[in-house]
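# 3D, please:
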Amino acid sequence: MKNRKIAFSTLATAVVLLASISAEARPERNTVGCVSAPRQVSHCDVDDILSARLLQQSSAFPCIQGRTWGWDHTGIWVSDGCSANFDVLTDDRGGFGRGRGRPGFPGGPGRGPRPPQEIAAPRVSLGSKGQSYTCPAIYMGYPLSRADISAYNGAERTVNGCYVDDKSGGCDITCYYLVR
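Below is the predicted model of the structure:
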């Protein structure tokens with residue numbers, strides 16, 4: 001009889017332990033929308049992603065995993081006009097970066113590379129009447145991503161550039177390029 005009590009007690013402990021582990025390890029499934037403008041990169045924060053897949057594209061620009069969208073354990077990134085809803089599986093235990101789960105887990109197979117990074121070309125400053133500058137479409141082999149333009153005193157912003165039409169005017173232009 002004593003052996004049966006020990007066996008039953010051991011079995012009951014194992015069942016309780018398994019129930020608590022399985023309750024703790026339940027991943028959550030969510031739908032996340034993420035939007036980017038042409039030539040821009042956006043990051044949509046979602047903690048502890050285990051996997052992500054594209055559900056429905058909402059943009060005219062293509063959404064291609066590993067090229068214009070991807071994910072890691074911190075969220076989803078989209079670029080170059082890709083906008084879509086994603087089916088995301090998350091670890092509800094809050095494991096990443098908080099001492100639980102799988103430290104260093106990079107996001108799983110097929111997540112694609114990190115979001116494209118930008119480099120800045122040297123800043124161009126204009127200060128003479130009649131000067132103009134437009135960011136080149138390609139710099140060091142990289143495509144133009146965006147231009148930051150500060151125009152003042154009679155200088156006019158143009159598409160990705162500036163024109164000085166007054167002798168007291170000027171502008172500063174920094175061109176940014178996508179590094180893939």
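
# residues in contact with Pro38?
Contacts for Pro38 (CB atoms under 8 Å, 6 or more residues apart in numbering) come out as Phe61, Asp80, Gly81. No exception for glycine: its C-beta is placed from N, CA and C like everyone else's.

# oh, I was asking about Asn30
Contact analysis of Asn30 by CB under 8 Å, 6+ apart lists Val46, Asp87, Val88, Thr90.

# try Pro62
Going by CB under 8 Å, 6+ apart, Pro62 touches Thr68, Cys82.

# Three-state assignment for it, please.
Reducing the assignment at Pro62 to three states with DSSP: H, G, I helix; E, B strand; the rest coil gives coil.

# can you give me the strands for this structure?
27-35, 41-45, 49-57, 69-72, 75-79, 83-91, 117-120, 124-126, 132-134, 138-139, 142-152, 155-158, 161-164, 170-179 (DSSP state E).

# in CSV: the ones you listed, plus mean pLDDT.
Converted to CSV, those look like this (pLDDT from 0 to 100):
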stretch, mean pLDDT
strand 27-35, 87
strand 41-45, 86
strand 49-57, 88
strand 69-72, 84
strand 75-79, 86
strand 83-91, 89
strand 117-120, 81
strand 124-126, 88
strand 132-134, 90
strand 138-139, 83
strand 142-152, 86
strand 155-158, 88
strand 161-164, 88
strand 170-179, 87
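
# break the chain into its domains for me.
In terms of domains, the chain is parsed into 26-115, 119-179 (source: automatic domain parsing).

# what about the last one, distance to the chain center?
Chain-centre distance of domain 119-179: 27 Å, with CA atoms, centre = their mean, to the nearest Å.

# returning to that earlier point: now, of the contacts of Asn30, which are buried?
Buried members of the contacts of Asn30, counted by 16 or more other CB atoms under 10 Å: Val46, Val88, Thr90.

# now the second one: how far from Asp47?
Computed as CB to CB, to the nearest Å, the Val88 to Asp47 distance reads 10 Å.

# distance check, the nearest residue to Lys129 once chain neighbours are set aside against Gln131.
Among residues not flanking Lys129 along the chain, Lys167 sits closest, at 4.4 Å (CB to CB, 6 or more residues apart in numbering). Lys167 sits at a distance of 11 Å from Gln131 (criterion: CB to CB).
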